[in-house]
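In: Quick one: sequence and predicted model below, then my questions.
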Amino acid sequence: MRVDSSERLLQIKSVFSAGSSMPTVSKAQLVEFETPWLSSWDQMYRELCLKRVPILTALRFYAERGIPASEADPLGNLTESEEAELRPIASALTIAAAASEVMPTGVLVATLRKVSKSPSLFSSGQLPAAVEWEIACNYQRSAEKPGTNWRDVWGDQPSVEGEVEVPTGPNIAKAALSAIQSIQSSRKRGRPPNAANQILAGRLGNIFRSSGQRIARHRLPEMRQGKLIFIEGGPFHDFLSLVLSPLQRHLRDRQLAPVTVDTIVRLVTEDSPPAG
């Protein structure tokens, strides 16, 4: 059985730097070119810890426990409960970072096709994380919903409940073919949307809602250069402003497409009219 760390699910990133001219036929990439993203997760988690008091206050963490936020020690050791609240946020930021620098679709499909023909390649443990991610999302033991037993692909993760089985060659091959079909059927013309914003909208939106707060767009008045304007604001907007800075710095350093608070708020509240 392949044994990975409990954060292995974060490693969906593979960096394949294409040259100035794209080949007519993409070649398979059978090994990861760069150290996976655990170091990025650690860095983002550390930065979140430095701002844990305002972040957890925004999530009503202290209020629910009857602890005045003023009594929380921003420089002291984190409690297990505080760590449990911050980890999913760090995971959301890391997965969004990975999605900002993904393997080209042609290379991904070529690699999956290679694995479908030689599923023993999976056992090497060296496939790019993006390839393993697609296989995991499409993996089936029998007739259950694809991806139900993704843990079989990503290894034994003690922090996640559920039985893990050794994936079989035929099932790996079947998952690879299913992933190819899914990718090709979803291809669209034009520039694709920023996947990182979509990921953050889903994950951070769910984290904020779990605090019992409703998400709605708020238009707040503000005077700028003697003129009254309306800007986005509100509790969810403020929460995003607190937690996104580690990711925004990471994307800026790598010269990748940015993520913005306003875009994420819009994606989460597309069907909700502005409030206030």
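Out: That came through, no problem.
In: low pLDDT regions in the protein?
Out: 1-25, 31-37, 154-162, 187-193, 217-225, 227-233, 271-276 (pLDDT under 70).
In: how does it look with 50?
Out: Applying pLDDT under 50 to the chain flags the ranges 1-24, 35, 156-161, 230, 273.
In: hmm, what's the outermost residue in it?
Out: residue 226 (41.1 Å; CA atoms, centre = their mean).
In: what's the distance between that one and residue 176?
Out: Taking CB to CB, to the nearest Å as the measure, residue 226 falls 62 Å from residue 176. Bear in mind the C-beta positions are built from the backbone N, C-alpha and C, glycine included.
In: ok, now residue 243?
Out: Counting by CB to CB, the gap from residue 243 to residue 176 is 35 Å.
In: Which residue lies nearest the spatial centre of this protein?
Out: Geometric middle of the chain (CA atoms, centre = their mean) lands on residue 95, at 2.5 Å.
In: got the contact list for the nearest residue to residue 170 once chain neighbours are set aside?
Out: Closest residue to residue 170 apart from its sequence neighbours, by CB to CB, 6 or more residues apart in numbering: residue 119 at 7.3 Å. For residue 119, the contact set (CB atoms under 8 Å, 6 or more residues apart in numbering) comprises 169-170, 172-173, 176.
In: which one of the residues you listed is nearest residue 130?
Out: Residue 130 has its nearest neighbour among these in residue 176, at 12.6 Å by CB to CB.
In: how about the closest one, what does it touch?
Out: The contact partners of residue 176, taken as CB under 8 Å, 6+ apart, are 112-113, 115-116, 119, 134-135, 138.
In: ok so it is a helix residue?
Out: Yes - under the criterion used here (DSSP: H, G, I helix; E, B strand; the rest coil), residue 176 sits inside a helix.
In: From residue 125, how far out is it?
Out: Remark: distance between residue 176 and residue 125 (CB to CB) = 16 Å.
In: can you check residue 87 too?
Out: 25 Å.
In: Check residue 61 too.
Out: Distance from residue 61 to residue 125, counting by CB to CB: 38 Å.
In: Over to residue 76?
Out: Residue 76 sits 39 Å away from residue 125, going by CB to CB.
In: what do you get for residue 259?
Out: Counting by CB to CB, the gap from residue 259 to residue 125 is 31 Å.
In: Looking at those two now, which is surrounded by more residues?
Out: residue 259 (23 against 11; other CB atoms under 10 Å).
In: which residues sit in contact with the more buried one?
Out: Residues in contact with residue 259 (CB under 8 Å, 6+ apart) are 96, 194, 196-197, 200, 244, 247-248, 251.
In: For the stretch 1-150 of the chain, which segments are assigned as helices?
Out: Using DSSP state H, counting those that start in this stretch, the helices of the stretch 1-150 of the chain run over 38-50, 52-58, 61-64, 80-99, 105-117, 129-138.
In: Next, the buried residues of the one helix or strand residue 207 maps to.
Out: Using DSSP states H and E, residue 207 maps to helix 195-209. For helix 195-209, the buried set under the neighbour-count rule, 16 or more other CB atoms under 10 Å, comprises 196-201, 203-205, 207-208.
In: closest to residue 91 among these?
Out: Looking across the buried residues of helix 195-209 and measuring by CB to CB, the closest to residue 91 is residue 203, at 7.6 Å.
In: so who does the nearest residue to the closest one once chain neighbours are set aside touch?
Out: Counting by CB to CB, 6+ apart, the nearest residue to residue 203 once its immediate chain neighbours are dropped is residue 92, at 3.8 Å. Residue 92 makes contacts with 199-200, 203-204, 207, as judged by CB under 8 Å, 6+ apart.
In: Format these as a markdown table; extra columns: distance to residue 149.
Out: Converted to a markdown table, the contacts of residue 92 look like this (distance: CB to CB, whole Å):
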| residue | distance to residue 149 |
| --- | --- |
| 199 | 22 |
| 200 | 27 |
| 203 | 22 |
| 204 | 27 |
| 207 | 25 |
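In: what's residue 194 in contact with, if anything?
Out: Contacts for residue 194 (CB under 8 Å, 6+ apart) come out as 100, 257, 259, 263.
In: Next up, the contacts around the last one.
Out: Going back to what we said before, that points to residue 263. Shown in contact with residue 263 (CB under 8 Å, 6+ apart): 194, 197.
In: which residue ranges form the helices in the stretch 151-276 of the chain?
Out: Along the stretch 151-276 of the chain, the stretches classed as helices by DSSP H, counting those that start in this stretch are 151-154, 169-185, 195-209, 235-243, 245-253, 261-268.
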